[in-house]
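*Asks:* 3D model of this:
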Amino acid sequence: MKLVYGFDNTLSRPIIELDSVFPGCRALIDTGALFPVWAAPETMLLKLGATRDAKMPESSIGGFGGDSIGNIYRMTLEMKGIYFIEMPFIAVEMPKSKFHIVLPATLFFGMNLNIDFATHTITIDTNSNQVSYNMHHRRNDDGSLTIFTQ
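*Replies:* Numbers count the residues shown, from 1 in each chain. Next up, the predicted model:
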């Protein structure tokens with residue numbers, strides 16, 4: 001299955017519209033991120049039906065100019081007919097950002113992800129007809145985190 005998204009050519013980063021989350025929702029596709037981040041107010045996440053992760057109620061994340069601490073939520077994310085089931089998000093409100101969600105490139109593990117700045121498009125080819133995926137994370141022996149999608 002192949003998904004194609006256009007992105008705003010007035011911005012220097014690939015930010016796509018994800019109206020399937022809510023009308024006007026904007027998501028940054030971040031090749032440097034490891035974990036999905038909810039950057040909008042946490043109250044919006046709750047209104048969308050996300051649930052707090054009881055196993056990992058709070059976590060810290062590095063980046064965005066420093067370290068942040070946020071609550072972990074799970075919510076199914078739909079992208080043009082592909083579903084990421086109970087995907088974890090860390091909620092770190094960033095009121096000045098031009099996006100609501102950060103989607104890490106690791107979310108598309110095993111897929112072909114092409115960000116084309118010349119045509120302002122993002123193409124995601126799942127290489128299969130599978131419609132649902134689960135994002136997994138595990139701690140390695142050396143303490144590093146591995147994120148993968150199946």
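
*Asks:* what bits of the chain have low per-residue confidence?
*Replies:* By pLDDT under 70, the weakly predicted segments of the chain are 56-68, 135-140, 142-150.

*Asks:* For it, which residue occupies the most central location?
*Replies:* Residue closest to the mean C-alpha point of the chain, counted by Cα atoms, centre = their mean, is residue 103 at 2.3 Å.

*Asks:* nearest spatial neighbour of that one, skipping sequence neighbours?
*Replies:* Distances taken as Cβ to Cβ, 6 or more residues apart in numbering place residue 27 nearest to residue 103, at 5.1 Å, with adjacent residues excluded. No exception for glycine: its C-beta is placed from N, CA and C like everyone else's.

*Asks:* List the residues that contact that neighbour.
*Replies:* 15-18, 21, 99-103 (Cβ atoms under 8 Å, 6 or more residues apart in numbering).

*Asks:* Now the buried members of these.
*Replies:* Buried members of the contacts of residue 27, scored by 16 or more other Cβ atoms under 10 Å, are 15-16, 18, 21, 99-103.
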